[in-house]
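> just the structure for this:
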Amino acid sequence: MVKATARLGGTASDVTVARTEHGLMRTIWIPTPVPDEIYFEAIKAGIDAAPEGIKRCLIAVLIDPQGDFYENNSPAANLELLARAFDKYLSYVDKVFLSAKAPLFLLFYS
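Below you'll find the model as predicted:
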């Protein structure tokens, strides 16, 4: 079980998260895709490891839409994976805090 927590600031000052994050970059960074259900179970296990009332921070990475950076044609592949997971396991939505990161060059794509 996760014991170390942190209280966020600013407009999220009422949110407490586990100090360990669950990064999703590797979910799209491999040449042979793993079935969604395996990732769903890993995400759920991480969320379940947090104490009641403590959110897990999930980190999604937006990628180059040309696929040059992670060899994936969908810049939001991590977010699409989470959407599929939370469509299936809706009760987990309120147990996470999502952080989405993007390289600066994405700002210049239309």
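> ok, so what distance separates residue 102 from residue 35?
Distance of residue 102 to residue 35, given as CB to CB, to the nearest Å: 26 Å. Bear in mind the C-beta positions are built from the backbone N, C-alpha and C, glycine included.
> these two: who's more crowded?
residue 102 (14 against 7; other CB atoms under 10 Å).
> can you map out the helices along the protein?
Using DSSP state H, the helices of the chain run over residues 36-48, 77-88.
> what number of residues are in the vicinity of the residue lying closest to residue 80 once chain neighbours are set aside?
Spatially, and ignoring its direct neighbours in sequence, residue 80 is nearest to residue 74 (6.2 Å; CB to CB, 6 or more residues apart in numbering). Residues near residue 74, counting by other CB under 10 Å, number 15.
> which residues of the chain score low on pLDDT?
Residues of the chain meeting the criterion pLDDT under 70: 26, 28-29, 63-73, 103-110.
> run the last query once more with 90
Scanning the chain for pLDDT under 90 picks out 1-4, 19-35, 58-81, 99-110.
> ranges for the strands of it?
Remark: strands assigned in the chain by DSSP state E are 5-7, 16-23, 55-61, 96-101.
> angle of the last one against helix 77-88?
Spelled out, that is strand 96-101. Note on geometry: by axes from the mean of the first three to the mean of the last three CA atoms, to 10 degrees, strand 96-101 and helix 77-88 are set 160 degrees apart in direction.
> strand 96-101 vs strand 16-23, what angle?
Orientation of strand 96-101 against strand 16-23 (the same axes, to 10 degrees) gives an angle of 50 degrees.
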